[in-house]
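1. Need coordinates for the following:
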Amino acid sequence: MLWIEAEFKGKTVWAQVHDEGNLVVESGRVPIRYSDKPGAKVYRAGQGNIQRRPGTPVALPDGVSADASGAKGRSGGSGFGSAGKRTQAQAAAARDSAARLLETFAPTSAVCFTDGACKGNPGPAGSGAVVKLPNGAVHERSLSLGIATNNVGELAAIGLALDVLDETGFPSDRRAEICTDSKYVFGLLELGWKAKSNADLVATLRDRIGDRNVRLHWVAGHVGVAENERADELANEGVAQSIRG
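-> Below is the predicted model:
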């Protein structure tokens, strides 16, 4: 993961950037850290409060999400509520945010939506992926995982999307945009959170992503984004297959 020195409310921080140097922005917030040491806490700060400093982005060791470590009130949320508990206004805002995100994708990019599911946690689990190629072709995949956790299902869904890109011969140097509704997956694979569990699977996915021009995005789930809903259906097909054995 790449970071660049910046100023946040009068303090020097590191702000996360994409490979091309643009700030990583999720729901108007940018991942920042106050230290370049391994395990540094990663917060999410309002984009308008961050001033970049001149310099070249550098790779830093993995940090740890301040959310995951129990910090409260520092990084803020998406403002979209949580699945199953959203108001109509929150769902509409989340849906509009996803639509705006999709509009930023280049027509030459592959666009992937992934999801994981399980019945019980752990329990019978599955993954689903929808991959839309620039030529208009849409590829769908469902995967049965046997007994696993929901987080494993979400991670495996990223691998499923990468499998489809490999199988279709999509060039590794062309941009692939992957949308997940799992903040856990987004944090691990895009923000550089330290993996406290599923470390081998995370390491494998990081290697695979490193071999491609991939960017991950978080989108709110179950707000009516068609491809996200379809990925959920495919993941649940994988759950059903796991139940049948």
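2. domains of this structure?
-> Residue ranges for the domains of the chain, per automatic domain parsing: 2-65, 88-244.
3. Select from these the stretch with the lowest mean pLDDT.
-> Looking over the domains of the chain, mean pLDDT reaches its minimum on domain 2-65, with a mean of 88.
4. and that one, how far out from the chain's middle?
-> 17 Å (C-alpha atoms, centre = their mean, to the nearest Å).
5. Tell me which of the domains of the chain is the most buried.
-> Most buried of the domains of the chain by mean neighbour count (mean count of other C-beta atoms under 10 Å) is domain 88-244; its value is a mean of 19. Just so you know, the C-beta spots here come from the backbone N, C-alpha and C atoms, and that holds for glycine as well.
6. That one: end-to-end distance?
-> 36 Å (C-alpha to C-alpha, to the nearest Å).
7. what distance separates it from the centre of its chain?
-> 8 Å.
8. Could you do stretch 79-88 as well?
-> 18 Å.
9. re earlier: in JSON lines: the domains of the chain, plus distance to residue 80.
-> As requested, the domains of the chain are exported to JSON lines (distance: least, C-beta to C-beta, whole Å):
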{"stretch": "domain 2-65", "distance to residue 80": "7"}
{"stretch": "domain 88-244", "distance to residue 80": "4"}
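10. Would you mind listing the residues in contact with the most centrally placed residue in the chain?
-> In the chain, the centroid-proximal residue (C-alpha atoms, centre = their mean) is residue 186; its distance is 2.7 Å. The contact partners of residue 186, taken as C-beta atoms under 8 Å, 6 or more residues apart in numbering, are 26, 180, 216-218.
11. change it to 7 Å
-> When contacts are counted by C-beta atoms under 7 Å, 6 or more residues apart in numbering, residue 186 touches 180, 216, 218.
12. Likewise for residue 64?
-> Contacts of residue 64 (C-beta under 7 Å, 6+ apart): 39, 41-42, 193-194.
13. And it, how close does it get to residue 163?
-> Residue 64 is 29 Å from residue 163, where distance means C-beta to C-beta, to the nearest Å.
14. Closest to residue 107 out of the contacts of residue 64?
-> residue 193 (31.4 Å; C-beta to C-beta).
15. List the residues that contact that closest one.
-> Contacts for residue 193 were tallied using C-beta under 7 Å, 6+ apart; they are 42, 62-65, 68, 187.
16. quick one on the thing from earlier: could you export the contacts of residue 186 as JSON lines, including secondary structure and distance to residue 205?
-> Converted to JSON lines, these look like this (DSSP: H, G, I helix; E, B strand; the rest coil; distance: C-beta to C-beta, whole Å):
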{"residue": "180", "secondary structure": "strand", "distance to residue 205": "11"}
{"residue": "216", "secondary structure": "strand", "distance to residue 205": "10"}
{"residue": "218", "secondary structure": "strand", "distance to residue 205": "16"}
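17. Tabulate these (TSV), appending distance to residue 202.
-> TSV is the format used below for those (distance: C-beta to C-beta, whole Å):
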residue	distance to residue 202
180	13
216	13
218	16
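18. Quickly name whichever of those is closest to residue 143.
-> Nearest to residue 143 among the contacts of residue 186, with distances taken as C-beta to C-beta, is residue 180, at 14.9 Å.
19. where along this protein do the strands fall?
-> For the chain, the strands defined by DSSP state E occupy 2-8, 11-17, 29-33, 41-46, 50-52, 58-59, 64-65, 110-118, 123-132, 138-148, 175-180, 213-218.
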